[in-house]
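Enquirer: Pasting the sequence and the predicted coordinates here, then a few questions.
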Amino acid sequence: MPEYIISVLGGVVQDLTTITDRLPHDGETFPASRFTMQPGGKGSNSAVAIHRLTRPNPRNQQQYDDTKDAPGTRENDIKVRMVGVVGDDKFGPALIENLEKCGVNKDGVRIMEGYDTAVANILVESESGANRIMQYPGAASHVSPDDFTTGESLGGGVVPHMMVAQLELHRDAVEQAIETASRVGVEVLLNPSPAHFLFPDIYCNVSHLVMNETEAFVLAERKDEDTTTFSDWTSIADYFHGLGVKNVVITLGEKGAYYSTKKGEKMQNGYAEAEKECYVFDTSGAGDSFVGGYVSQYLKQRQEGEWDIKVAVQYGCKAAARVIEELGCLEPIPWADEVDIPRRRNTG
């Protein structure tokens, strides 16, 4: 089968993660129990997730006599390319090297001289897994719309078949990339995080809009309510369908995810439950792995000539569950043959 290229346009970030028994109150200094430095960024995490979730772990490859028996796509024909920027500090080159180590093509990642690499400060509450994240964009905020005016610029030198975009780069640059993708026939999945206002005419160029509930409220300009019904989510999805989006997914944490897809005049919508066999330790990487799982299932179904959005959303929920069982965003991302295997038992 011919090679299929996925590009991911987003952040390449250095994560600084602090583990604490509880999150501090305003003005309070509270001791932490652990600190780690790991590669991260929603873009990088999603790129690694797509790579891993479209193929089995190479360490387990020998158990599959035929690649058709291996979980993931029918062949290892999915190639993932990262597109983004880092600074010329000590973090940048190391993050690029790690992408290559993880199997992601790095040709689209530039080093911007005179700028810092993006950094995320992450606080994780050990008991609940809840997190707070503050991200400094560094070089990412200086990417220009002029950087994404050709099809080749969307894939680090080649025209991809599909582009996954976050909003970690400058908003104007991302909007230009989406417009260029539409012009050259590249399918787009938008994961609008961190959430920023986008011009409504951008959405007609988006095939898949995958966001969490907070991002959905911001982008649809709705108020965050204490309780949200099925009809509320349907109303939000209809808003984006009206702007031209074909597939809308809203992740709801422990409640699973809402999905809606438009096939001609017909609509398919509903809920996918969150994975029940799951121990929550650190939720900070859940959304990125969900995107990876969703994309991997979309690609698999594309190979088979069908599309069932519920199956893709359910798989995304499973992939997210495996990540939140461990500390960190990138390292815990599972391979396709590890998605159904809990890493820790939920004891309560």
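Expert: Alright, I've got the coordinates.

Enquirer: Which residue, other than its chain neighbours, is closest to D107?
Expert: Nearest in space to D107, with sequence neighbours left out and distances taken as C-beta to C-beta, 6 or more residues apart in numbering, is G156 at 4.0 Å. C-beta: built from backbone N, CA, C; applies to glycine.

Enquirer: What segments of the stretch 101-250 of the chain are strands?
Expert: All strands of the stretch 101-250 of the chain, identified by DSSP state E, counting those that start in this stretch, fall at 105-112, 118-125, 131-136, 162-165, 187-190, 208-212, 247-251.

Enquirer: Let's see the first one as PDB, backbone CA atoms only.
Expert: Right, the one you point to is strand 105-112. This file holds the C-alpha atoms of strand 105-112, laid out as PDB (Å, rounded to 0.1, in the frame of the first residue of the first chain):
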ATOM      1  CA  ASN A 105      10.100  12.900  11.100                       C
ATOM      2  CA  LYS A 106      11.700  16.100  12.300                       C
ATOM      3  CA  ASP A 107      12.300  17.900   9.000                       C
ATOM      4  CA  GLY A 108       9.600  20.400   9.600                       C
ATOM      5  CA  VAL A 109      10.900  21.600  13.000                       C
ATOM      6  CA  ARG A 110      13.000  24.700  12.700                       C
ATOM      7  CA  ILE A 111      15.400  26.200  15.300                       C
ATOM      8  CA  MET A 112      14.700  30.000  15.600                       C
END
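
Enquirer: The chain: helices as residue ranges?
Expert: Secondary structure of the chain by DSSP state H: the helices cover 42-53, 91-101, 171-184, 213-219, 230-242, 286-304, 309-323.

Enquirer: gap between the first one and the chain center?
Expert: From the chain centre to the centre of helix 42-53 is a distance of 7 Å (C-alpha atoms, centre = their mean, to the nearest Å).

Enquirer: likewise the last one?
Expert: Centroid displacement of helix 309-323 relative to its chain, using C-alpha atoms, centre = their mean, is 12 Å.

Enquirer: Show me the contact partners of stretch 23-31.
Expert: The contact list for stretch 23-31, computed with C-beta atoms under 8 Å, 6 or more residues apart in numbering, reads T20, D21, R22, L123, E125, A130, R132.

Enquirer: residues touching the third one, list them.
Expert: For R22, the contact set (C-beta under 8 Å, 6+ apart) comprises F30, E125, E127.

Enquirer: nearest spatial neighbour of D21, skipping sequence neighbours?
Expert: Closest to D21 by C-beta to C-beta, 6+ apart is S126, at 5.8 Å.

Enquirer: Residue ranges in the stretch 151-300 of the chain under the pLDDT threshold?
Expert: Scanning the stretch 151-300 of the chain for pLDDT under 70 picks out 224-227.

Enquirer: How many residues are close by the nearest residue to A165 once chain neighbours are set aside?
Expert: Excluding the flanking residues, the one nearest A165 by C-beta to C-beta, 6+ apart is L9, at 4.4 Å. The number of residues packed near L9 is 33, by other C-beta atoms under 10 Å.

Enquirer: and L9, how far is that from G114?
Expert: L9 sits 22 Å away from G114, taking C-beta to C-beta, to the nearest Å as the criterion.

Enquirer: Repeat that for Q297.
Expert: Applying C-beta to C-beta to Q297 and G114 gives a distance of 41 Å.

Enquirer: which of the two has more neighbours?
Expert: When Q297 is set against G114 and neighbours are counted by other C-beta under 10 Å, the residue ahead is Q297, at 25 against 8.

Enquirer: Distance check, the spatially closest residue to the more buried one that is not a sequence neighbour against V323.
Expert: Distance criterion C-beta to C-beta, 6+ apart; nearest residue to Q297, sequence neighbours excluded, is A312 at 3.8 Å. To V323, A312 is 17 Å away according to C-beta to C-beta.

Enquirer: who has more neighbours, the two?
Expert: The residue with more neighbours, out of A312 and V323, is V323; 30 against 26, by other C-beta under 10 Å.

Enquirer: how near is that one to D201?
Expert: 34 Å.

Enquirer: now H25
Expert: In this structure, H25 and D201 are 43 Å apart, going by C-beta to C-beta.

Enquirer: Settle it for me: which of those two has more neighbours?
Expert: Neighbour count, other C-beta under 10 Å: between H25 and D201, D201 has more, with 11 against 7.

Enquirer: who does the lengthiest strand in the chain touch, helix- and strand-wise?
Expert: Counting by DSSP state E, the longest strand found in the chain is strand 78-87. Judged by 3 or more C-beta pairs under 8 Å, 6 or more residues apart in numbering; DSSP states H and E, the packing partners of strand 78-87 are strand 4-9, helix 42-53, helix 91-101, strand 105-112.
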